[in-house]
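Trainee: Below are the sequence and a predicted model for it; my questions follow.
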Amino acid sequence: DPKIIQKPKYLVAVTGSEKILICEQYLGHNAMYWYRQSAKKPLEFMFSYSYQKLMDNQTASSRFQPQSSKKNHLDLQITALKPDDSATYFCASSQPGQGQDTQYFGPGTRLLVL
Amino acid sequence: GDSVTQTEGLVTVTEGLPVKLNCTYQTTYLTIAFFWYVQYLNEAPQVLLKSSTDNKRTEHQGFHATLHKSSSSFHLQKSSAQLSDSALYYCALSEVSNNRIFFGDGTQLVVKP
C-alpha cells in the first residue's frame, strides 16, 4: 500500500482558477513538506510543517497556501493560477528529532496550467 | 547561505565503467546530514544514501559516498555503472535540528550500452 498519497495524479487548470492538491501520509510522521519540480528549477523547497505548524516558507507568492486539517494531511491550495505554476508538486514527510531525518516523497501531482 | 553544488548537469558513461557524480557544499550549520536522492523517470525522488559521519564510507545498491568535511564534499561513486542506474541524482544536506533540506540542482546520469 502506498505510504504517501497525492491526489490527483494529473491536473489541468485554466489560468486564473484555483486548485487544491491533496497529500496524505501513513508513515506516522510529524513533519510534512511541499516541493515543486519544473524544467526551470529541478527540485524547489516550498513549505515545511511540523506537528501541523508552519516551520518554513520559501515560497514568495501568497497564492500558495498549505492547509493541514489533520496531522497526516498537508494540502496545497493554489489560487489565481498562472502558466508558470505548471510543474510537478511533491509532498514529502519525515519524522523529526531522530538524527538523519530522511524525507520520503509522494508520487507527485503534475499540474498543467493553460 | 547554505548551498549544494553539483557541477555536472549531465554525465554520460558506458555500461560497466566507473562513474562519479560530484557534490560540494557550503553551510554554516554545525550538525548536518548528507543525502543522495535518486529520481527515476516519472517517479518521485527516493533516498539512496545518507551520512553524517566525517570520513566514513557509506554504501547502498553498489553506490558509495564518503563525507569529507575538510573539502566540503560528498561525491557519489560506483565502480561499474548499469543501464538501470540511468536517472536524476540529487545531492542534499540538512541541518539536523530543523530538518530543512537543501538540494543541489541535480545530475542526470545516462548509462549507455
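Mentor: It's in.
Trainee: for the chain, what are the low-confidence residue spans?
Mentor: Since no chain was named, I'll use chain A. A:1-2, A:97-100 (pLDDT under 70).
Trainee: The chain in question should be chain B.
Mentor: For chain B, the stretches with pLDDT under 70 are B:96-99.
Trainee: Show me what from it comes close to chain A.
Mentor: Residues of chain B lying close to chain A (Cβ under 8 Å from any Cβ of the partner chain) are B:33, B:35, B:43-47, B:50-52, B:88, B:90, B:94, B:96, B:98-103, B:105-106. (C-beta placed from N, C-alpha, C; glycine too.)
Trainee: if we go to 10 Å?
Mentor: Counting by Cβ under 10 Å from any Cβ of the partner chain, chain B comes close to chain A at B:6, B:9, B:31-35, B:37, B:39, B:42-47, B:50-53, B:88, B:90, B:92, B:94-108.
Trainee: Just the buried residues of the residues you listed.
Mentor: Among these, the ones that count as buried by 16 or more other Cβ atoms under 10 Å in any protein chain shown are B:6, B:32-35, B:37, B:39, B:44-45, B:47, B:50-52, B:88, B:90, B:92, B:94-96, B:99-104, B:106-108.
Trainee: where's the spatially most central residue of chain A, which helix or strand?
Mentor: When Cα atoms, centre = their mean is applied to chain A, the residue found nearest the centroid is A:Trp34 (3.1 Å). Per DSSP states H and E: A:Trp34 is located in strand A:31-37.
Trainee: Give the pairing partners of that strand; include direction for each.
Mentor: Sheet pairing here is set by DSSP bridges, and for strand A:31-37 it gives strand A:44-50 (antiparallel), strand A:87-94 (antiparallel).
Trainee: Most tightly packed of the ones you listed?
Mentor: Greatest average neighbour count among the strands paired with strand A:31-37 goes to strand A:87-94 (a mean of 24), per mean count of other Cβ atoms under 10 Å in any protein chain shown.
Trainee: any idea how far the residue nearest to B:Leu21 when sequence neighbours are not counted is from chain A?
Mentor: Computed as Cβ to Cβ, 6 or more residues apart in numbering or on different chains, the closest residue to B:Leu21 that is not its neighbour in sequence is B:Leu76, at 4.4 Å. With distances taken as Cβ to the nearest Cβ, to the nearest Å, B:Leu76 is found 16 Å from chain A.
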